[in-house]
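Student: Provided below for reference: sequence and predicted model.
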Amino acid sequence: MAMKQQTFASQSIFEKYGRKSRRELFLDEMEVVVPWPELQALVEPHYPKAGNGRRPVGLAIMLRTYFMQQWFNLSDPGVEEAFYESFTLRRFAGVDLGVAPAPDETTVLRFRHLLEKHDLGGAMLDAVNLHLAARGIRIETGTIVDATIIHAPSSTKNEKKERDPAMRQTRKGKQWYFGLKAHIGVDAKEGHVHSVATSAANVSDVHMLPDLLHGDERKVWGDGGYQGQTKAIRQAAPKAQDMTCKRTRFKNYVDEAAKKKNTTKSKVRAKVEHVFRVLKRVFGFDKVRYRGIAKNHHRLCANFALINLYLHRKHLAGTAA
């Protein structure tokens, strides 16, 4: 007797078992913790209005699409393809293929360029921090400063036959790296980012130090790369105490007292590593996607805004409930 082949639709109707994927659970959390009205209000004055031409895709759909690109490290064509592959992503973004197609890669590209043109990545970071402050997660009087290298393609096998001229090469230990450097100032108590600066990889960490302080610090922590910058710290934050790690190894001896103090300071500094772990391991931003410093700086600001929400998601979910 011949067996009747079931279609996918008929199979889905009679499915008895299932569970939410990790991606779906993540999006459920983000749905609750992201301050959607505040962030949409930042973009709305610059977003195209419906007129005589082609009706623009809804702002809510485009903002959610942009955030999914950051969370899952998707390119413009990659997120378009993902919409047609994943019902979970379509549901989160509000895309109904029975009504309209998913945003194509050109639409996604234009939206990103709109955000970059008006520097809305930095505005999103500020808005998120205000949202956190309203829920008791405030920027206090201690800042941890640090930087991390983000790799860029070193190959010249591209359209312009050259490496990105804005990127530079630097050595860390015995290893050479090509790319940019993300510098951040992190609140020492709550662990979220309040300041971001972006440079080529060969720029010294201390050069960007003043841009990472908000000015009201009482203490500033940093690794050994920031030692000897007491004057620069005081100029940016007059009341701040220099808590950066000091040199411990000398030609004839090891300063055990300074070594012990560095260990204590490192327990505070560890919070900045949580931020970089989320950036690179959870969100997948360990390689640049765009050419130039400006576009990648914008992406970093948007990422750190979303990272701040991710780090405090349990607290925010509790207050929302």
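Tutor: Arrived safely, thanks for sending.
Student: Point out the other helices and strands that the lengthiest helix in the chain packs with.
Tutor: When the chain is parsed with DSSP state H, its longest helix is helix 256-277. Where contact means 3 or more C-beta pairs under 8 Å, 6 or more residues apart in numbering; DSSP states H and E, helix 256-277 is packed against strand 142-151, strand 175-187, strand 219-221, helix 293-311. Quick note: C-beta positions are derived from backbone N, CA and C, even for glycine.
Student: switch the cut-off to 6 Å
Tutor: On a contact count with 3 or more C-beta pairs under 6 Å, 6 or more residues apart in numbering; DSSP states H and E, helix 256-277 meets strand 142-151, strand 219-221.
Student: Could I get the average pLDDT for it?
Tutor: Per-residue pLDDT over helix 256-277 has a mean of 92.
Student: For it, which outside residues touch it?
Tutor: 144, 146, 148, 186, 188, 191, 193, 221, 243, 245-246, 248, 307 (C-beta atoms under 6 Å, 6 or more residues apart in numbering).
Student: repeat for stretch 122-142
Tutor: 35, 38, 42, 187-190, 194, 216-219, 301-302, 304-305, 308, 312, 319.
Student: That one: how far from the chain's middle?
Tutor: 15 Å (C-alpha atoms, centre = their mean, to the nearest Å).
Student: Tell me the buried residues in it?
Tutor: Neighbour-count burial for stretch 122-142 flags 122-125, 127-129, 131-132, 137, 139, 142 (criterion: 16 or more other C-beta atoms under 10 Å).
Student: so who does N202 touch?
Tutor: Counting by C-beta under 6 Å, 6+ apart, N202 has contacts 168, 170.
Student: Helix or strand for it, just tell me which one.
Tutor: According to DSSP states H and E, N202 maps onto no helix or strand at all.
Student: what do you get for P37?
Tutor: Using DSSP H and E, the element containing P37 is helix 36-43.
Student: and A197, helix, strand or coil?
Tutor: Under DSSP: H, G, I helix; E, B strand; the rest coil, A197 falls in the strand class.
Student: roughly how far apart are T106 and D76?
Tutor: Going from T106 to D76 by C-beta to C-beta, to the nearest Å gives 8 Å.
Student: more neighbours, those two?
Tutor: D76 (19 against 11; other C-beta atoms under 10 Å).
Student: just to revisit the earlier point, now the angle between helix 293-311 and the longest helix of the chain, please.
Tutor: Orientation check (axes from the mean of the first three to the mean of the last three C-alpha atoms, to 10 degrees): helix 256-277 against helix 293-311 gives 100 degrees.
Student: how about helix 256-277: buried residues?
Tutor: Within helix 256-277, the residues that count as buried by 16+ other C-beta under 10 Å are 262, 265, 269, 271-272, 275-276.
Student: Now flag whichever of the residues you listed is closest to V99.
Tutor: V275 (39.2 Å; C-beta to C-beta).
Student: Let's see which of the buried residues of stretch 122-142 end up in helices.
Tutor: Under the assignment DSSP H, the buried residues of stretch 122-142 contribute 122-125, 127-129, 131-132 to helices.
Student: Quick one: buried ones out of the contacts of stretch 122-142?
Tutor: Buried among these by 16+ other C-beta under 10 Å: 35, 42, 187-188, 190, 194, 217, 219, 301-302, 304-305, 308, 312.
Student: Tell me which two in these are the farthest apart.
Tutor: Maximum distance among the buried ones among the contacts of stretch 122-142 (C-beta to C-beta): 31.9 Å, for L42 and K219.
Student: Make JSON lines out of the buried ones among the contacts of stretch 122-142 and add pLDDT.
Tutor: Formatted as JSON lines, the buried ones among the contacts of stretch 122-142 follow (pLDDT from 0 to 100):
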{"residue": "P35", "pLDDT": "97"}
{"residue": "L42", "pLDDT": "97"}
{"residue": "D187", "pLDDT": "97"}
{"residue": "A188", "pLDDT": "95"}
{"residue": "E190", "pLDDT": "94"}
{"residue": "H194", "pLDDT": "97"}
{"residue": "E217", "pLDDT": "96"}
{"residue": "K219", "pLDDT": "96"}
{"residue": "C301", "pLDDT": "98"}
{"residue": "A302", "pLDDT": "98"}
{"residue": "F304", "pLDDT": "98"}
{"residue": "A305", "pLDDT": "98"}
{"residue": "N308", "pLDDT": "98"}
{"residue": "H312", "pLDDT": "97"}
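Student: Kindly reformat those as TSV containing distance to F83.
Tutor: Converted to TSV, the buried ones among the contacts of stretch 122-142 look like this (distance: C-beta to C-beta, whole Å):
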residue	distance to F83
P35	24
L42	24
D187	36
A188	40
E190	35
H194	34
E217	44
K219	47
C301	25
A302	20
F304	26
A305	23
N308	27
H312	29
